[in-house]
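Q: any chance you can model this:
(one chain, ligands or ions: 1)
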Amino acid sequence: MNKLLALSVGSISLIAGKLKIMGGINYFKKHEEIALNDKTILITGGTDGIGWETAKKLSKAKSIIIAGRNVERIKSELLNHKNIQFMYLDLNDLDNVQDFCQKFKKTQNKLDILINNAGIYNLEFKLTKQGFEQNFGVNYLSPFLLTYNLLDQITNEQESRIIFVASRAHTDSPRQVDFNLYLNQEPIPYPWHKIYAISKLANVYEASSFANYLKNTNIKVYTLHPGVVRTNMLNQFKFHSFLAPIVWYFTKTPEQGSVTSIFLATQPNQKLKNGYYYKDCIPKYLKEDNNLLFDNTIKLFKKFGYIK
Ligand SMILES: NC(=O)c1ccc[n+]([C@@H]2O[C@H](COP(=O)([O-])OP(=O)(O)OC[C@H]3O[C@@H](n4cnc5c(N)ncnc54)[C@H](OP(=O)(O)O)[C@@H]3O)[C@@H](O)[C@H]2O)c1
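A: You can find the predicted model right below:
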């Protein structure tokens, strides 16, 4: 009898734990949604993983633009989604980000929702085309330039918004991060497993700083952790097959990983907290650095001639 009880309690705990990892109650809950049928949405890194799931679930929108490099992965799927189109964007190259923004402005009338989703997690040290540490460049610098350049395209409407997909990993950053080392292209002294975390910390600061910068407009800004998700990013760790059940248990599917992005893209702005970091659709905190990184990034882009 005792064994049976222990087994039942154990099974219930395991199921409850898995449901929590999937996103808890908010994964199953139907949330209030804004009308999407007049919205234009841009999703970076929509060619795979969480981004593609996000695009599919937002496909009630008037128009969705997926920006990335590799359209081949979703080419056949695009035939079933006439309102989703692809535009080439390489976040490894700031010149390409500039070209993308110009093309976007020429071909699209407006933008209502910008989802900066694309990201990388490098297992070795690499540089971007312009010589910045690559996690920092692709995950932070390029999305910053893209967002800044498209600000005049984003409608100043009640439901306009910008979303930065960050990660819970930002909490694993070193206590004091000297972002100037990154901006000045100096050697990075942090261990490799902290490098991704630092780029995601930059995303969290980026969200609160853009929220602050746009405080006199209707445009709101949010950031989030999607969960630990079984996408290419996680699969590159090549876990031994005997770990597969454990990896499965502690991770989300890409569909589950898209839930907080969808939530932040579709909840009425007045129900959300501007500049906040969200996890499983719950606002966790507002993390600020007095706009230090934001101001220094603007200075950098001015110096490089990317912004006036
Ligand atoms: N998976 C996780 O466990 C996890 C956890 C926390 C946070 N996140 C965050 O979630 C976001 C999405 O990640 P994911 O898990 O869906 O990864 P993924 O499956 O590897 O997809 C990454 C996407 O980013 C795009 N991308 C990569 N490099 C790019 C570049 N240079 N230029 C333009 N696009 C580029 C890729 O498109 P192309 O190859 O077509 O360029 C792809 O669509 C990232 O910001 C990541 O940091 C993921």
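Q: burial check on the closest residue to the ligand within the stretch 201-308 of the chain, number of neighbours?
A: Ranked by C-beta to the nearest ligand atom, the top residue of the stretch 201-308 of the chain for proximity to the ligand is Thr231, at 3.3 Å. Every residue, glycine included, has its C-beta placed from N, CA and C. Neighbour count of Thr231, defined by other C-beta atoms under 10 Å: 20.
Q: which SS class is Gln85?
A: Three-state assignment for Gln85 (DSSP: H, G, I helix; E, B strand; the rest coil): strand.
Q: could you find the closest non-adjacent residue to the residue of the stretch 201-308 of the chain closest to the ligand?
A: Counting by C-beta to C-beta, 6 or more residues apart in numbering, Gly49 is the residue found nearest to Thr231 once chain neighbours are left out, at 3.4 Å.
Q: check contacts around the closest residue to Glu53 other than its chain neighbours.
A: Counting by C-beta to C-beta, 6+ apart, Ser258 is the residue found nearest to Glu53 once chain neighbours are left out, at 3.8 Å. Shown here is Ser258, whose contacts under the criterion C-beta atoms under 8 Å, 6 or more residues apart in numbering are Ile50, Glu53, Thr54, Lys57, Pro226.
Q: mind pulling up the pLDDT for Ser258?
A: Model confidence at Ser258, given as pLDDT, is 98.
Q: next: the one 5 residues further on.
A: On pLDDT, Phe263 comes in at 98.
Q: tell me how many other residues crowd it.
A: Counted with other C-beta under 10 Å, the neighbours of Phe263 add up to 22.
Q: does Tyr278 count as helix, strand or coil?
A: Secondary structure state of Tyr278, per three-state DSSP, is strand.
Q: list the contacts of it.
A: When the contact criterion is C-beta under 8 Å, 6+ apart, the partners of Tyr278 are Tyr222, Thr223, Leu224, His225, Thr260, Phe263, Leu264, Lys284.
Q: which one of those is nearest Pro187?
A: Relative to Pro187, the closest of these is Thr223; by C-beta to C-beta it sits at 28.3 Å.
Q: excluding chain neighbours, what is closest to the closest one?
A: Using C-beta to C-beta, 6+ apart, the closest residue to Thr223 is Ala207 (3.6 Å).
Q: so that neighbour sits in a strand?
A: No - looking at Ala207 with three-state DSSP, it is helix, so not inside a strand.
Q: can you read off the pLDDT for it?
A: Looking at Ala207 specifically, the model assigns a pLDDT of 98.
Q: one more: Met1?
A: We have a pLDDT of 66 for Met1.
Q: not counting sequence-adjacent ones, nearest residue to Asn139?
A: Among residues not flanking Asn139 along the chain, Ser199 sits closest, at 3.9 Å (C-beta to C-beta, 6+ apart).
Q: against Asn122, how distant is the one you found?
A: Look at Ser199 and Asn122: by C-beta to C-beta, to the nearest Å, they are 9 Å apart.
Q: now for these two: what residues contact both?
A: With C-beta under 8 Å, 6+ apart applied, the overlap between the contact sets of Ser199 and Asn122 consists of Asn135.
Q: re earlier: could you measure the residue nearest to Glu53 against Asp90, distance?
A: 23 Å.
Q: so who does Lys287 touch?
A: His170, Val204, Tyr205, Ser208, Tyr277.
Q: shouldn't it be within a helix?
A: No - the assignment for Lys287, made by three-state DSSP, is coil rather than a helix.
Q: in this structure the residue nearest to Thr223 contacts His225, no?
A: No - with contact defined as C-beta atoms under 8 Å, Ala207 does not reach His225; the gap is 11.9 Å.
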